[in-house]
Every structure is written in C-alpha cells, then in structure tokens.
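Novice: prediction below, plus the sequence it came from.
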Amino acid sequence: MYNIAIISGDGIGQEVMSACEFLLDKLDINFSFKYGEAGFDCFNKNGTTLPEETIKIANRSDAVLFGASTSTPGEPSPIINLRKALNVYANIRPIKSYKGVNCLRDDIDFVIVRENTEGLYSQIEYSEDNKMIAERHITKKASKRISKAAFNLCIKREENKVTCVHKSNVLKKTDGIFKESFYETAKKYPQIKTEDYYVDAMAMYLITQPQNFDVIVASNLFGDILSDESAGLVGGLGLAPSGNIGDHNGLFEPVHGSAPDIAGKNISNPCSMILSAVMMLDYLGEWETSNNIKSAVEKVIADCKIRTPDLGGNSSTMDVTKAIVQELI
Ligand code: NAI
Ligand code: MG
C-alpha cells in the first residue's frame, strides 16, 4: 500500500485532481490518500498558503500529488515552498508530440530538467531607497546536483545529449557557476554529448529545431519559462506533466496553474494531471500500470473524439477521464 499526499489547491487544481483520483480508484493498487490544504482558498481559511500540517502530510507520504494554486497577493508561493520543504530539487518536465494533436512537429520528444531550490525563485525581495531588489542565488552544489540529475535522466531515457541553458554572458557570476558546474559534471559522463545555449537563443531554437533536443537543464526561472513555451509546441498546458524528484520524496503536478479563465466549468484537460500520476507510478516502480495508463491517454487523444476545448473538442474533464478509464478496462 502506498501513502499518497493529495494537495489539490484551487481553481482547476481541484477539478483535475478529482479526475485523477477517479482514475486511481479504478486501479488494482492500494493507495491510502491523505489530504493537505494549500493555496489561495487555504490562505483565506487559515491565514497561510502552506500550513505546517500540509508539509507534514507530504513528508510522511511515499509520494505527493499536487494540483495547482492561485497566487495570493503578498504571500509566498505554496508550491515553490513545498518543493523546497521536501527538497525535491529536480523538476522533470517531459514534452512530447501526441498523435492526433496539432503539434508544431510530430517528432518532438525532450525533457526539461529545471533546478527547483534556488535561482530567481528564492522569493527574497526587498526595497532599498527607491529600488526594488530580487535576489538570485545560484550555488555550485545545487548546480552540480541538477546537472547530475540531467545526465542520469539522459542515460535512463537512452538518449545521448544534454543541453545546458543559461545567460552567462550577462549574469557572469550566477550563470557562470551554473555553466561551469554543468561542464564539470559532464566529465563523468564522457559518452554523452553536451552543448549550451543562452536562454534567449534557446527560446528560438525550441521553435526552429525542437526535434534536436533530448535533455535540457536550466535554472529555476529559465526552466519554468521554457516549459510553458515547450508545452505550446505540442498542444498546450493540458498535455504537460511534471515530477519533482529529490533523494527522499517525489511530488507530481501538472505544469499548468489554476487557470481562473476556465475554472469551475468542468472543461479543463485532465491529461496533464493524469500523466503526472503516471510519472508518480513510474517513481513508485509500478511500471506496468503506468504504461497502461499512458497508452490509454495516448489512445483517447489519438481517437480525436473525446477531448476538451483546449484540444479543439467539446467534452468535459470527466468525459475525458471516463474515456481513459474505459480504455484501461
Ligand atoms: P495557467 O497555467 O493557469 O493558464 C495558462 C493558460 O493555459 C490559460 O489560458 C488556461 O486556461 C490554459 N490551461 C492551463 N491548464 C489547462 C488545462 N489543464 N486544460 C486546459 N487549459 C489549460 O497560468 P496563468 O493563467 O498564468 O496563471 C493562473 C494562476 O495560476 C495564477 O494565480 C498563477 O500564479 C497560478 N500558477 C500556479 C502554478 C502552480 O500552482 N503550480 C503554476 C503557474 C501559475
Ligand atoms: Mg510555470
């Protein structure tokens, strides 16, 4: 039996999590779900976006599923703080073309490995005289750790190239150390090709030659921005899952946010959340089940009959979820 922490958050976080739980309940695997609060609704109720109790539930679990949360003015981001609290330092974001989806190309298959614990998302901001300052912390330790995660993932995926993204021509110290740590780590993986690009050029290459990338490693903010751009290459955020992996825990969540523009309408695409649960099952070693769910999702998407409006259909979140479950039976 697996202890799974469920933190739905708010907005479509709750809708896609309900869909995901509906599917998990249909599997031949025993889960014990423990529920934690986080996000905007949680702040209005408890005065904090991430209660200690939620961190405890997450820490005691075998894995965490997170939905999405709406940002709360003046308050820290619960998901950024939860990733830090669990020390899940590697944010793994696979991007792939699915059959039946209007993608930029049909041979896109890469993964972004985003550093999760530092960078411009330190949330250390203050004012000095009339100046607003945001601190960008980059350490050699975290940079080497994320590079190592990227090279190991490259081996696991049986691919042969890791691309490092940075802006060391301008951010000479912080991104200087990020790039240097990447190449130092690369020495231990002589069989893997390496390359590095400035983030602005990379934003263009992702559009002009996305088929040429295998594993991309980036600092926190750059990795975040390139993830949404990459999702746009393959049909949007409804198809972009992620896993946050540390040495002792894993937290799985869609790349998207709480989507207030479509929240409450039961039209959000549940695939990114369900594919995040697939990543969780892989992490837990339940490979057969994870492969079956992945195939079921691919089949429903390829059929083009039951799909949410973001993919051009008019089905609901639950219609899509039930179609995926139907494929599993
Ligand atoms: P968003 O990711 O929520 O939405 C961007 C666009 O993608 C919207 O048009 C939305 O309708 C669409 N979209 C996202 N997920 C979808 C899905 N599953 N199915 C169909 N369409 C989908 O980003 P946005 O609008 O910039 O931010 C909304 C709120 O979410 C903000 O309060 C932001 O701070 C928060 N946010 C939270 C994150 C998290 O909890 N991990 C991550 C990103 C943003
Ligand atoms: Mg993001």
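Specialist: Great, that's in hand. Ligands and ions are numbered 1, 2, ... in the order given.

Novice: quick check: the residue of the stretch 151-300 of the chain nearest ligand 1.
Specialist: residue 257 (2.4 Å; C-beta to the nearest ligand atom). C-betas here are computed from N, CA, C, even on glycine.

Novice: count of residues packed around that residue?
Specialist: By the measure other C-beta atoms under 10 Å, the count of residues near residue 257 is 18.

Novice: what about stretch 235-245 and ligand 1, touching?
Specialist: Yes - judged by C-beta under 6 Å from any ligand atom, stretch 235-245 and ligand 1 are in contact via 237-238.

Novice: now do the contacts for the closest residue to the residue of the stretch 151-300 of the chain closest to ligand 1 other than its chain neighbours.
Specialist: What sits nearest to residue 257 in space, not counting adjacent residues and going by C-beta to C-beta, 6 or more residues apart in numbering, is residue 68, at 5.0 Å. With contacts defined as C-beta atoms under 8 Å, 6 or more residues apart in numbering, the neighbours of residue 68 are 9-13, 16, 39, 79, 253-254, 256-259.

Novice: tell me how far residue 68 lies from residue 245.
Specialist: Distance of residue 68 to residue 245, given as C-beta to C-beta, to the nearest Å: 19 Å.

Novice: so the spatially most central residue of the chain is in which element?
Specialist: Central residue of the chain (C-alpha atoms, centre = their mean): residue 242, 2.8 Å from the mean position. Element membership of residue 242, judged by DSSP states H and E, is strand 241-245.

Novice: what ranges do the strands span in this structure?
Specialist: 2-9, 31-35, 63-68, 90-96, 109-115, 125-128, 131-134, 161-166, 193-198, 215-218, 241-245, 250-254 (DSSP state E).

Novice: burial count for the nearest residue to residue 298 once chain neighbours are set aside?
Specialist: Nearest residue to residue 298, sequence neighbours excluded (C-beta to C-beta, 6+ apart): residue 98, at 6.2 Å. Residue 98: 17 surrounding residues under other C-beta under 10 Å.

Novice: just residue 279 next, same as before
Specialist: By the criterion of other C-beta under 10 Å, residue 279 has 23 neighbours.

Novice: who's in contact with it?
Specialist: Contact analysis of residue 279 by C-beta under 8 Å, 6+ apart lists 92, 94, 241-243, 252, 290.

Novice: cutoff 6 Å now
Specialist: By C-beta atoms under 6 Å, 6 or more residues apart in numbering, residue 279 lies in contact with 241, 243, 252.

Novice: ok, residue 33 touching residue 4?
Specialist: Yes - using C-beta atoms under 6 Å, residue 33 is in contact with residue 4, at 5.4 Å.

Novice: contacting residues for the closest residue to the residue nearest to the centre of the chain other than its chain neighbours?
Specialist: Spatial nearest neighbour of residue 242, chain neighbours left out: residue 93 (4.5 Å); criterion: C-beta to C-beta, 6+ apart. If you count contacts by C-beta under 6 Å, 6+ apart, residue 93 has them with 112, 227, 242, 255.

Novice: which non-adjacent residue is nearest residue 32?
Specialist: Spatial nearest neighbour of residue 32, excluding adjacent residues (C-beta to C-beta, 6+ apart): residue 3 at 5.1 Å.

Novice: before we move on, back to that, so the residue nearest to the centre of the chain sits right up against residue 252, yeah?
Specialist: No - with contacts counted by C-beta under 6 Å, residue 242 stays clear of residue 252, the gap being 7.1 Å.

Novice: before we move on, back to that, out of residue 33 and residue 4, which sits in the busier spot?
Specialist: residue 4 (22 against 14).

Novice: report pLDDT for the more buried one.
Specialist: Predicted confidence (pLDDT) for residue 4: 98.

Novice: is there a neighbour count for residue 62? I'd like the number.
Specialist: Residues contacting residue 62 under the criterion other C-beta under 10 Å number 16.

Novice: domain map for this protein?
Specialist: 1-93+236-329, 104-233 (automatic domain parsing).

Novice: and the first one, how far apart are its ends?
Specialist: With C-alpha to C-alpha, to the nearest Å as the measure, the ends of domain 1-93+236-329 fall 21 Å from one another.

Novice: show me how far that domain is from its chain's centre.
Specialist: With C-alpha atoms, centre = their mean, to the nearest Å as the basis, domain 1-93+236-329 stands 10 Å off its chain's centre.

Novice: and stretch 234-241, by the same measure?
Specialist: 11 Å.

Novice: could you do stretch 219-239 as well?
Specialist: Remark: stretch 219-239 is offset 9 Å from the chain centroid, using C-alpha atoms, centre = their mean.

Novice: only alpha carbons, please: show it as PDB.
Specialist: Taking C-alpha atoms only, stretch 219-239 is exported to PDB below (Å, rounded to 0.1, in the frame of the first residue of the first chain):
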ATOM      1  CA  SER A 219      18.000  27.200 -13.600                       C
ATOM      2  CA  ASN A 220      14.600  27.800 -11.900                       C
ATOM      3  CA  LEU A 221      13.100  30.700 -13.800                       C
ATOM      4  CA  PHE A 222      14.500  29.900 -17.200                       C
ATOM      5  CA  GLY A 223      13.300  26.300 -16.900                       C
ATOM      6  CA  ASP A 224       9.900  27.500 -15.900                       C
ATOM      7  CA  ILE A 225       9.500  29.900 -18.900                       C
ATOM      8  CA  LEU A 226      10.900  27.400 -21.400                       C
ATOM      9  CA  SER A 227       8.500  24.700 -20.100                       C
ATOM     10  CA  ASP A 228       5.400  26.700 -21.000                       C
ATOM     11  CA  GLU A 229       6.900  27.600 -24.400                       C
ATOM     12  CA  SER A 230       7.600  23.900 -24.900                       C
ATOM     13  CA  ALA A 231       4.100  22.900 -23.900                       C
ATOM     14  CA  GLY A 232       2.900  25.300 -26.600                       C
ATOM     15  CA  LEU A 233       4.800  23.300 -29.200                       C
ATOM     16  CA  VAL A 234       2.800  20.200 -28.500                       C
ATOM     17  CA  GLY A 235      -0.800  21.200 -27.900                       C
ATOM     18  CA  GLY A 236      -0.600  23.300 -24.700                       C
ATOM     19  CA  LEU A 237      -0.500  23.000 -21.000                       C
ATOM     20  CA  GLY A 238      -3.300  20.400 -20.900                       C
ATOM     21  CA  LEU A 239      -0.600  17.800 -22.000                       C
END
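
Novice: all set, thanks.
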